[in-house]
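Asker: coordinates for the following, if possible.
(4 chains)
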Protein chains: 2
Amino acid sequence: MTSTTFSGEIPLEARTLAERVFQQLQDAIVRGELPAGSKITEPGLAQTYGISRGPLREAMRRLEAHRLIEREPHVGARVVKLSMRELLELFDMREALESMAARLAARHMTVEEVQALRDVLIAHEEQGDLDQAEAYYQREGDLDFHYLIVRGSHNRMLMTTLCDDLYYLVRLYRTQYSARGGRPQRAFIEHHRIVDAIASGDEELAEQLMRRHVIAARQTVAERYAMSLDEDRELPKGSRKALSGRTPST
Amino acid sequence: MTSTTFSGEIPLEARTLAERVFQQLQDAIVRGELPAGSKITEPGLAQTYGISRGPLREAMRRLEAHRLIEREPHVGARVVKLSMRELLELFDMREALESMAARLAARHMTVEEVQALRDVLIAHEEQGDLDQAEAYYQREGDLDFHYLIVRGSHNRMLMTTLCDDLYYLVRLYRTQYSARGGRPQRAFIEHHRIVDAIASGDEELAEQLMRRHVIAARQTVAERYAMSLDEDRELPKGSRKALSGRTPST
DNA sequence: ATTTCCCTGATTGTTGACAATACCCATGAC
DNA sequence: GTCATGGGTATTGTCAACAATCAGGGAAAT
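Answerer: Purely as a prediction, here's the structure:
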């Protein structure tokens, strides 16, 4: 699979060069092929992708707007490097927006959409039992769950903000901190409760459950970070492998 | 005042052409000089601003990312036209993000920042009493209030999303529907209560008050819209002057 | 030895021209 | 009269070359 199949919108095989290279770069960044913090040089990338600098610069402008790269005039661009502070900020954004999405989903989702949501949950669990090491699908499956809820909100602005912006940052973070899905069983339970609330049309409950779900994930990340700092203090010269292994799925 | 003085970030006199024309276009769209729905042609704008199409296209790509224009490949771009549905979606986004901002502001704002907030409120009220017809400053003053709270959240991601994206859409809506600030006295009261909650560090209350504040504004818009539809039905051939006059300030 | 200055190389910003695509309107067939 | 079809024109997409700016290193002065 070359393209992500994630963005929901049909790729339409990208009618324009700038569009295509934008998607390719977005994917490359999120997958870690372009490492976080690495410098991006226009002639280099232009040659790599076999295009001119014109469309490339337009693609970079879009990446900049999506917060995936950072530019400084006359100096250059680098792949964004999420600090822990920014990661926690991201969780606050998700708490606000996804809880709203859950409320709207409880209000607007059709029975077919709710069924699709349950199907994803089931597939997600089977995948998790089947091959726990195959974290890639789990990660995507997890985001697919959240993604379906956001779509269920029937709020286009919310959809683009979350799916086109924030979720790519989430994936970038998971790549950057090599975060494989953690605390799966608890997340599964929470997912089920959220779906039930949505299915029963209980807006207030759906919002509240999603809010706590995101908060719990945020807290786990914060605690793991504090722990990694403690380890660093105990082993002052030790190689710091930040937040490796497992971080919570949401 | 050429530049908006609103975006908070120091303009730095825009080191690059693309940056400058982006800000100019952003301002022109929000102020209604480029009418909503009007087509944008690249050679035309390039000549208008005296630049080449290269930087112009980069600026347009940024405007597209900020949802101020809409592009279709090989066809062209037009200034976005906010439908009532999208406007209500915008209010949902604001409810989610600004209530979060208010909570974070109650947690993080310094006493100096709270004082600046009170100063803006006072100036806002004096302006409102002084010259009620001078709606421009009132509009900006109102947004400045919300803007300061968002800054007080000390969450950069929230700041850019609200101040760089959503608030420009709010201003565009106000221009598009020629919405002069309405229900001022009630909004004033609500603003004061929000500030008091923030000053006392009551996160829960600040969030809740801001949420209701946005919801009230949303509801007023929705009611006025329904009323305008009724008028249209009573006067079937009548010229429909959508939502003219007064819409709520927030 | 350290600091300052300048110079060189490379990268970014900008431009104008060329190619491809889509809209518009006129022409013709039914 | 209405609809399909074709060419002309304007606009968008892309490219390669030119100008402006910045980073790094070396030489000279203190």
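Asker: output the below-cut-off pLDDT ranges for chain A.
Answerer: Along chain A, the parts satisfying pLDDT under 70 run over A:1-13, A:127-141, A:180-182, A:232-248.
Asker: residues from it in reach of chain B?
Answerer: Along chain A, the residues adjacent to chain B under the rule CB under 8 Å from any CB of the partner chain are A:15-16, A:18-19, A:54, A:57-58, A:61-62, A:64-67, A:73-74, A:86, A:89-90, A:92-93, A:95-97, A:99-100, A:104, A:155-158, A:160-161. The way it works is simple: take the backbone N, C-alpha and C, and place the C-beta from them, glycine included.
Asker: check these one by one and keep those near DNA strand D.
Answerer: A:16, A:18, A:54, A:74 (CB under 7 Å from any atom of the strand).
Asker: once you drop chain neighbours, what's closest to the last one?
Answerer: If you skip the residues right next to it in sequence, residue A:74 has residue B:15 as its closest partner in space, 6.8 Å away by CB to CB, 6 or more residues apart in numbering or on different chains.
Asker: contacts for stretch A:197-205, please.
Answerer: When contacts are taken as CB atoms under 8 Å, 6 or more residues apart in numbering or on different chains, the neighbours of stretch A:197-205 outside the stretch itself are A:102-107, A:109, A:114, A:117, A:149, A:152, A:206, A:209.
Asker: and chain A, which residues reach DNA strand D?
Answerer: For chain A, the residues in contact with DNA strand D (CB under 7 Å from any atom of the strand) are A:16-18, A:51-55, A:74-75.
Asker: residues near the residue nearest to residue A:74, how many?
Answerer: A total of 12 residues lie near residue B:15 under the criterion other CB atoms under 10 Å in any protein chain shown.
Asker: wait, it touches residue A:72, no?
Answerer: No - look at residue B:15 against residue A:72 with CB atoms under 8 Å: they stay out of range, at 9.4 Å.
Asker: how about the strands in chain A?
Answerer: With DSSP state E applied, chain A shows strands at A:39-40, A:69-72, A:76-79, A:179-182, A:245-248, listed in chain order.
Asker: hmm, the third one in reach of DNA strand C?
Answerer: Yes - for strand A:76-79, a contact with DNA strand C is found by CB under 7 Å from any atom of the strand, at A:76-77.
Asker: now, which of the residues of chain A next to chain B lie within helices?
Answerer: The helices in this structure, assigned by DSSP state H, contain A:18-19, A:54, A:57-58, A:61-62, A:64-65, A:86, A:89-90, A:92-93, A:95-97, A:99-100, A:104, A:156-158 from the residues of chain A next to chain B.
Asker: outline the domain layout of chain A.
Answerer: Taking automatic domain parsing as the criterion, chain A consists of the domains A:12-81, A:84-230.
Asker: count of neighbours near the residue in chain A positioned nearest to DNA strand D?
Answerer: Sorted by distance to DNA strand D under CB to the nearest atom of the strand, the residues of chain A start with residue A:17, at 2.8 Å. If you count neighbours by other CB under 10 Å, residue A:17 ends up with 17.
Asker: that one contacts residue A:51, doesn't it?
Answerer: Yes - using CB under 8 Å as the test, residue A:17 is close enough to residue A:51 to be in contact (5.4 Å).
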